Structures are given as structure tokens and as C-alpha cells.
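Enquirer: Sequence and predicted structure are below.
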Amino acid sequence: RSLVARAVRVGEVPGSNPGTPMVLRLFQPVRRKGLALAAAVALALLLPSTAAAHAVPGIDYRFPLPVWLYGLAAGLAVLLSAPAATFAFQASGTRMSEDVYGPFRRLRLGSIAVAVASFLLADVISGGLFGPDDFFENPATIVIWVDFWVGLGIVSALVGNIWDFVSPLNAAGRLLDRFLARRGSAAMPYPTWLGLWPATALLLVWSWMELVWAQGKEPRTLVLILLAYIGVQLVAMAAYGAEAWLARGELFTVVARTFARFAPLELYVREGGGPCRTGLCIDAERPGCPACWLDAPAEARGIRLRPYGAGVRREAPLAPGGGTFVLALLATVVYDGFSQTNQYARFEGFFLDRSTWLAAHAKFLDTVLMAGIVAAFALAFLTVVTAVSRLERAAIADAARRYAPTLIPIAAVYFISHYFLFLIYAGQFTYAAVFDPLGREWVPDVESPWKGVPGALVWYLQVGLIVWGHVVAVFEAHRVSLRVHGVPRRAALAQWPLVLLMVGYTFTGLWVLGQVLAPPP
């Protein structure tokens, strides 16, 4: 998010050591006593410090917590996780409402949404090819990188899988499926071993375009890549069938379905319309499967509310490579945040100053560092599931397949906490860019409505989201473990390595969010 300038300020108490955080200085004489520590925490929360700031134009962000309180925040996550893991079995509900689809069935909202999305796609293509080069004035860059990519993850996680029913690409693929079926053309069987690896590879390429490759922010380049992507996806859907490929190889559909496992809206069917065309469903109600939902008769379709995170265990198991996909979602967002900090700049500079070749190929170093962070997250998960598999006396692959979905809540909330402010700020330019795609100054400039928003509120939301997602993840991991052990105490004992991993991921997320940001280049 280097396009959004952010600053760092240091608040001082007159006559004190400039290097000491404000709250710590105020309580330094008694900081070792429990009462003073509690008071320090309370004041830090009630009277935000000016020790650091992640500022967005129009928002005065005063970072409310001294750095030493990060450890306390991680400890709080541990304390919340422990009772959650112990008592999760007492709350076994998986639904919060009956069917809510009936009142909306006749409105044909899906057709209207596809038409609107198709108009936006045409607007993006025309603006990207013939519009201005400025990021905030061209609909290609604003709509794709801000509204679409960030909005896709946030809406999918907080609401549900909307993308499957508004995507022009998905609609075109399903239409192509019906056309080929009428002509008697049969799709090839999708290789089981390939699983979600196509989507995982595409996610890494997409993240590299966003975070490393500067040309990925150029409107014309972005639109040409978009057109090529659409062509490749349609060819793959024609070869393997739309539903089989959408569930495994269409990046944005896989992202939406993955985050939607955390969301409160659940698709289900009362009566199936035949075998699941994705080949993944095992439950009679086929929860969370858009293919089965669309194949079912209209009167047999349903949508209901469920607790956040229930889809982690309710929906079909992840295909091979699904665990790596989830970890890549989490790790690339962490890299995005870390890559903007002074710590990253110093770490990068260590290598650039010692190698003239790397100094001339800094993007290669960034690529290696991004891949290294993804690999580190994956290696940590593999190490933990190896320990869990020994406690459960199961195969490592089976343990990984069971517990990988339990990381989705953490990936979802960190995605939201990292990007939602960017969506709020940059998204305000969408209206002008979409209705003036060629940059003719038809639409007046937008005045930011976010001036004066307290930055401390942003931090509270970020911390709250991350801790909440962590607790939900522990709940769901415990319930998954209960399926293996049956006894809550044994499930909790077998789960502890995974709990430690989740706490580590959570602390990493908090640490990255709290770092001093490097000035934009």
C-alpha cells in the first residue's frame, strides 16, 4: 500500500529520555508491580500514545500502544485461546437461522449483479486501454486492485461467497459448459493429484504482481493480463468443465470460497440435483457448494446463517494443495505489511549494499524474500502438523488436510485488518474513475469524507479482528480434534502444538501492523 503515504511521529514527555515510550516512562518507578502494569495497560488503551503512527491522507493516525504492549497483546490471545479450546465442545451448533433465501428467490438478483459486473468489466477494459495512466484516475487500477481484490476478500469473509453469483467469468464459463454439453462434447476428468495447486500458483503470481512488479500497476499492462487470464480460464473450463475448474483453478473463485468458510452465510440444498460436479462434496446438504446449489431445483435451494467459522468444519475438505493455498493467502499479506516497514528496508539494504548485482536487481531480492516468507509459514505449519500427527497417531498428510482449514479465520481477519483502511480511502476514487474512464474530467474531484477519523479507532479494530479470528480458529481446531479423539481433554492435548502456531501467527500479524513504516519511495 505504498501508494498511500504514511508517517511516523514520536511523542515525548518534557525532560524525559527520548527513547523511552510515553506510557512506560510514566510508570517506570513501579513497572514491575502487577497493579502498575494493569494501570499502564488501561492508560495505554484509554489515552493513546503518540509513539508511532500509520497515517493515511485525511486520517490522523496516532498509534495507541507502546511496542512493549505487543507481548501483552499476544499473551491476551493465549489467555483467550486456552478457555476457547477447552470449552469449545460445549457449543456445538452449526446454524443460527432457518432458510432466508425464500423472500429473495424471485428477485433475480444474480442476473442483475452479473449485468452490473459485466458493465464494470467493459468499463475497466476500455479505461485501461485508453484512459489516463494515474493509478487513482484509471478504472482498471482502482477497480481491480482496490475494489475488486480487497473487496473480494473482505466481503467473502464477513458476508459470504457473493463472487460466484456476480462474476461475468463464472457466468461465461457455465454458459460455455451448457453450449458444449448440447454439442455432445465431454469434459476431461480433472486430475485428483493436481488439486488446488493451479490456484496456489496463480495466487503467488498475483501477489508478486501486486507487491513486487511495478508494471502490474500500469493500466494497459494490467488490462492485457486480464484479457489473457480470461482467455486461459475459459479454455481450462472448456477442457475440464466449468465447475471442476472454478473450484480449483480460477484464483478469485477459490479465494472467495476459501474466505467464505469463515463467513456467516451458508449455501445448502434440501435435495441435490445430481452428483456434485466439483467432486468434493460429501455432506447430504452440500454446504457451501455453489455448483450443487445451482444444480438443485429452485425450491430445494437454501441460505441460512451460521456462527462465524462454522464453515471450516461444515464444508467439504480442501483439495490437495489447499493447505498451501491458505498459508499463501496469510503469508503474502504479512509480506505486504512487512515490506513497507523500516525493518524491511534495513534488511533489504543489508543485501543490496553488499552485492552490486542485487543492487541492480532489487526486484529479484524482493521476490526471493516474498517466497521465503511464504515458505517459512508453510514450514512452520508442516512442523506443527507433524507433531499433531504423532499425538493422533495419524499420517502427516491426513493431519494437514484436517487442520489446514482451521487457519482460514486467521488468514481472513488479517486480510481484513490489513486492507480495510486502504479500501475505505482509495475506494472513494472509484466513482470518478468508473464514470470518467477516459479521463475527460466529466466528474468533479472527490473530497475525502474521512478527515478527522481517529487513527486509534483503526488500531482497536485491527487488534480486535486479529484476536477474534485467532479465538475462532482455536474453537474450530478443537472441534476438528474432537472428531478424532472424542474426549475433550485428549483433543485439547493433541491440539496444543497447533494453538502455539496460531499464537505465533497472531503475534507476527500484530508485530507487523505495529512497525514503523518506511516513507514511500
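Expert: Done, it's in. Residues are numbered from 1 along each chain as shown.

Enquirer: Enumerate the positions of stretch 304-315 that are buried.
Expert: 304, 306, 307, 308, 309, 310, 311, 312, 313, 314, 315 (16 or more other CB atoms under 10 Å). C-beta coordinates here come from the backbone N, C-alpha and C atoms, glycine included.

Enquirer: Save the residues you listed as a markdown table, and put in pLDDT too.
Expert: Formatted as a markdown table, those follow (pLDDT from 0 to 100):
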| residue | pLDDT |
| --- | --- |
| 304 | 93 |
| 306 | 92 |
| 307 | 91 |
| 308 | 93 |
| 309 | 92 |
| 310 | 91 |
| 311 | 92 |
| 312 | 92 |
| 313 | 89 |
| 314 | 89 |
| 315 | 92 |
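
Enquirer: Redo those as TSV? Include distance to residue 359.
Expert: Output for these, formatted as TSV (distance: CB to CB, whole Å):
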residue	distance to residue 359
304	57
306	52
307	52
308	47
309	46
310	50
311	47
312	45
313	49
314	51
315	48
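
Enquirer: Okay, and which of those residues map to helices?
Expert: Residues of the buried residues of stretch 304-315 located in helices (DSSP state H): 311, 312, 313, 314.

Enquirer: Tell me who's in contact with the first one.
Expert: Spelled out, it's residue 311. Counting by CB atoms under 8 Å, 6 or more residues apart in numbering, residue 311 makes contact with 260, 261, 262, 263, 266, 287, 288.

Enquirer: Just give me the neighbour total for residue 295.
Expert: 19 (other CB atoms under 10 Å).

Enquirer: now swap in residue 136 and tell me
Expert: By the criterion of other CB under 10 Å, residue 136 has 16 neighbours.

Enquirer: okay, now the closest residue to it other than its chain neighbours: neighbour count?
Expert: Using CB to CB, 6 or more residues apart in numbering and skipping residues adjacent in sequence, the residue nearest residue 136 is residue 429, 4.5 Å away. For residue 429, the neighbour count with other CB under 10 Å is 22.

Enquirer: pretty sure residue 429 is touching residue 141, no?
Expert: No. Checked against CB atoms under 8 Å, the pair residue 429 and residue 141 is beyond contact range at 9.7 Å.

Enquirer: picking that back up, just to be sure, the residue nearest to residue 136 is in a helix?
Expert: Yes. Assessed by DSSP: H, G, I helix; E, B strand; the rest coil, residue 429 belongs to a helix.

Enquirer: tell me which of the ones in helices among the buried residues of stretch 304-315 is nearest to residue 476?
Expert: The closest of these to residue 476 turns out to be residue 312 (CB to CB; 4.3 Å).

Enquirer: just to revisit the earlier point, ok, the ones in helices among the buried residues of stretch 304-315 vs residue 236, which is closest?
Expert: residue 311 (25.9 Å).

Enquirer: Residue 248 and residue 194 touch, don't they?
Expert: Yes. Applying CB under 8 Å, one finds residue 248 in contact with residue 194, separated by 7.2 Å.

Enquirer: Compare neighbour counts for these two and give me the winner.
Expert: residue 248 (28 against 14).

Enquirer: Where does that one fall, secondary structure wise?
Expert: Using DSSP states H and E, residue 248 falls within no helix or strand.

Enquirer: Give the phi and psi angles for it, as a check.
Expert: Backbone torsions for residue 248, taken as degrees, to the nearest 10, come to phi -130, psi -30.

Enquirer: Not including adjacent chain positions, what is the nearest residue to it?
Expert: In space, residue 248 is closest to residue 196, 5.4 Å off (CB to CB, 6+ apart).

Enquirer: Now do the contacts for that neighbour.
Expert: 248, 254, 318, 319, 320, 321, 322, 324, 325.

Enquirer: now do 10 Å
Expert: Residues counted as contacts of residue 196 (CB atoms under 10 Å, 6 or more residues apart in numbering) are 203, 247-249, 254, 258, 318-326.

Enquirer: show me where pLDDT drops low in this structure?
Expert: For the chain, applying pLDDT under 70 flags the ranges 1-96, 445-456, 516-521.

Enquirer: Confirm for me that residue 112 is in contact with residue 104.
Expert: No. Residue 112 lies out of contact with residue 104 (CB atoms under 10 Å); the separation is 11.6 Å.

Enquirer: show me where the stretch 151-300 of the chain has helices.
Expert: For the stretch 151-300 of the chain, helices defined by DSSP state H, counting those that start in this stretch occupy the ranges 163-166, 168-182, 197-211, 219-240, 242-246, 251-260, 290-295.

Enquirer: re earlier: ok, so of the contacts of residue 311, who is nearest residue 400?
Expert: residue 261 (16.4 Å).

Enquirer: Check the gap between the residue lying closest to that closest one once chain neighbours are set aside and residue 258 for me.
Expert: Spatially, and ignoring its direct neighbours in sequence, residue 261 is nearest to residue 311 (3.7 Å; CB to CB, 6+ apart). Residue 311 sits 10 Å away from residue 258, taking CB to CB, to the nearest Å as the criterion.

Enquirer: circling back to that earlier point, residues shared between the contacts of residue 248 and residue 194?
Expert: Jointly contacting residue 248 and residue 194 under the rule CB under 10 Å, 6+ apart are 240, 319, 320, 321.

Enquirer: For residue 120, state which of the ones in helices among the buried residues of stretch 304-315 is nearest.
Expert: residue 311 (27.8 Å).

Enquirer: returning to what we had before: what is in contact with residue 429 and residue 141 at once?
Expert: Common contact partners of residue 429 and residue 141 (CB under 10 Å, 6+ apart): 134, 135.

Enquirer: in stretch 164-182, what counts as buried?
Expert: By 16+ other CB under 10 Å, the buried positions in stretch 164-182 come out as 164-174, 176-177, 180.

Enquirer: Could you export the residues you listed as CSV, including distance to residue 468?
Expert: Shown next, in CSV, are these (distance: CB to CB, whole Å):
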residue, distance to residue 468
164, 26
165, 27
166, 27
167, 29
168, 34
169, 32
170, 30
171, 34
172, 37
173, 35
174, 36
176, 41
177, 39
180, 45
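
Enquirer: all strands for the protein, in order.
Expert: 59-60, 265-269, 301-305, 453-454 (DSSP state E).

Enquirer: Let me know which of these is tucked in deepest.
Expert: Most buried of these, by mean neighbour count (mean count of other CB atoms under 10 Å): strand 265-269, with a mean of 23.

Enquirer: Paired strands for that strand, with orientation please.
Expert: strand 301-305 (antiparallel) (DSSP bridges).

Enquirer: What's the separation between the residue nearest to residue 248 and residue 407?
Expert: Counting by CB to CB - residue 196 and residue 407 are separated by 14 Å.

Enquirer: Same check on residue 458?
Expert: In this view, residue 458 and residue 407 are 25 Å apart by CB to CB.
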